[in-house]
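Participant: Just to be clear, the model below is a prediction. Sequence and coordinates:
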Amino acid sequence: MDAVAVECLRCGTTRLARRNVWKRFEAPECPHCGYLGWAPALDLSEGERREIREHPVELRSAVRVVA
């Protein structure tokens with residue numbers, strides 16, 4: 001499977017990730033901050049990054065980012 005650059009949604013660390021058989025990213029915790037939320041780095045705009053990071057992690061399930 002092809003590797004895709006993904007970005008941690010908490011701290012912005014990037015890494016290469018592969019998709020599993022269910023088309024989901026293999027997502028071990030971030031090596032920098034330990035968070036488990038990742039998104040394809042090329043799919044996020046600067047505004048989306050800022051909006052995500054301005055909300056506390058505990059409240060992110062309520063945040064909806066629309067591209």
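Facilitator: Thanks, I have it. Numbers count the residues shown, from 1 in each chain.

Participant: List the contacts of residue 17.
Facilitator: 3, 4, 5, 6, 25, 26, 27, 38 (C-beta atoms under 8 Å, 6 or more residues apart in numbering). Quick note: C-beta positions are derived from backbone N, CA and C, even for glycine.

Participant: again with residue 5
Facilitator: Residue 5 neighbours (C-beta under 8 Å, 6+ apart): 14, 15, 16, 17, 40, 41, 42.

Participant: Check residue 2 too.
Facilitator: Going by C-beta under 8 Å, 6+ apart, residue 2 touches 18, 19.

Participant: One more: the one 10 residues further on?
Facilitator: Contacts for residue 12 were tallied using C-beta under 8 Å, 6+ apart; they are 49, 53.

Participant: do residue 6 as well
Facilitator: Counting by C-beta under 8 Å, 6+ apart, residue 6 has contacts 14, 15, 16, 17, 25, 27, 38, 39, 40, 41.

Participant: least confident pick among these?
Facilitator: Lowest in pLDDT among the contacts of residue 6 is residue 27, which has 62.

Participant: if we can go back for a sec, now list the buried members of the contacts of residue 17.
Facilitator: By neighbour count, with 16 or more other C-beta atoms under 10 Å, those hold 4, 6, 38 as buried.

Participant: list the contacts for the last one?
Facilitator: For residue 38, the set of contacting residues under the criterion of C-beta under 8 Å, 6+ apart consists of 6, 7, 8, 9, 17, 25, 27, 30.

Participant: Format these as CSV; extra columns: secondary structure and distance to residue 51.
Facilitator: Formatted as CSV, the contacts of residue 38 follow (DSSP: H, G, I helix; E, B strand; the rest coil; distance: C-beta to C-beta, whole Å):
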residue, secondary structure, distance to residue 51
6, strand, 18
7, strand, 14
8, strand, 15
9, coil, 11
17, strand, 22
25, strand, 21
27, coil, 21
30, coil, 19
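
Participant: The residues you listed into a markdown table, with extra columns for distance to residue 54?
Facilitator: Converted to a markdown table, these look like this (distance: C-beta to C-beta, whole Å):
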| residue | distance to residue 54 |
| --- | --- |
| 6 | 20 |
| 7 | 16 |
| 8 | 15 |
| 9 | 12 |
| 17 | 24 |
| 25 | 23 |
| 27 | 22 |
| 30 | 18 |
